[in-house]
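Engineer: No letters, just coordinates:
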C-alpha cells in the first residue's frame, strides 16, 4: 500500500516537473494567440536607418499621445463636474461633450498620422507586416475604452519596437 502511494506521488511529481517549464514559457504572439512573432522587429528586418526613424517616430507619437490623453482626461473631468452640479446646464453639458469629441478626433488623427509616417519609412512588404501586427494587437475595438484603459501590466506593441 505504501509503495503504491509512493509510486503515485513520484509519478505526479515527475509530471509536474515536466509540465512546469511549459507553463512558465511566455506566450507567443500578441495577447497569446500564437500566430504573430514575439518580436516584430525580427520579422520586419529593418535597416539601421529604418530602425532609427521608427524609434524617433514612436517617441514623437508617445509624446503627443501623453498630451492628448491628458487633454481628454481633463475634458472628461470637466464634464463630470458639470454633471454633478446641483442644477446641470444642458447647454454647457453639450458644449463639454463636443470638446471631448474634438479631443477624441485629434487622437484618431494622430493614429492615422503615425501610420502614414510609418508607411513612408517602411517598404510595402514591411508595412503589410507592420499593419497586420497593429491590427492584431489592437483587436476589435468594440467594448473597449480605447487609450484610457490600463495597460500597465501588458507588454505593448510599441515597447517591442
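Structural biologist: Yep, that arrived. Predicted model, so just to flag it, every value in this text is computed and none were measured.
Engineer: Could you list the low-pLDDT ranges of the chain?
Structural biologist: Scanning the chain for pLDDT under 70 picks out 1, 12, 14-38, 137-161.
Engineer: for this protein, which helix is longest?
Structural biologist: Counting by DSSP state H, the longest helix found in the chain is helix 48-83.
Engineer: in it, what counts as buried?
Structural biologist: Within helix 48-83, the residues that count as buried by 16 or more other C-beta atoms under 10 Å are 50, 53-54, 57-58, 61, 65, 68, 71-72, 75-76, 79, 82. Yep, even glycine has a C-beta here, placed from its N, CA and C like the rest.
Engineer: which of the residues you listed sit farthest apart?
Structural biologist: 50 and 82 (46.9 Å; C-beta to C-beta).
Engineer: Which elements pack onto the longest helix of the chain?
Structural biologist: In terms of contacts (3 or more C-beta pairs under 8 Å, 6 or more residues apart in numbering; DSSP states H and E), helix 48-83 is packed against helix 90-121, helix 157-160.
Engineer: who wins for proximity to residue 131 among these?
Structural biologist: Between the helices and strands packed on helix 48-83, helix 90-121 lies closest to residue 131; by C-beta to C-beta that is 7.5 Å.
Engineer: how near is residue 84 to residue 92?
Structural biologist: 12 Å (C-beta to C-beta, to the nearest Å).
Engineer: okay, now residue 4: neighbour count?
Structural biologist: 8 (other C-beta atoms under 10 Å).
Engineer: about what we covered before: higher neighbour count, residue 84 and residue 92?
Structural biologist: For residue 84 versus residue 92, the count of surrounding residues by other C-beta under 10 Å is larger for residue 92: 14 against 8.
Engineer: measure the more buried one to residue 79 for me?
Structural biologist: 9 Å.
Engineer: Could I get the buried residue list for the helix or strand encompassing residue 127?
Structural biologist: Here residue 127 sits within helix 124-138, counting by DSSP states H and E. Judged by neighbour count (16+ other C-beta under 10 Å), helix 124-138 contains these buried residues: 126, 127, 129, 130, 133, 134, 136, 137.
Engineer: Stretch 106-115 too?
Structural biologist: Buried residues in stretch 106-115, counted by 16+ other C-beta under 10 Å: 107, 110, 114.
Engineer: any idea which of those is the one closest to residue 7?
Structural biologist: Using C-beta to C-beta, the buried residues of stretch 106-115 come closest to residue 7 at residue 114, 60.3 Å.
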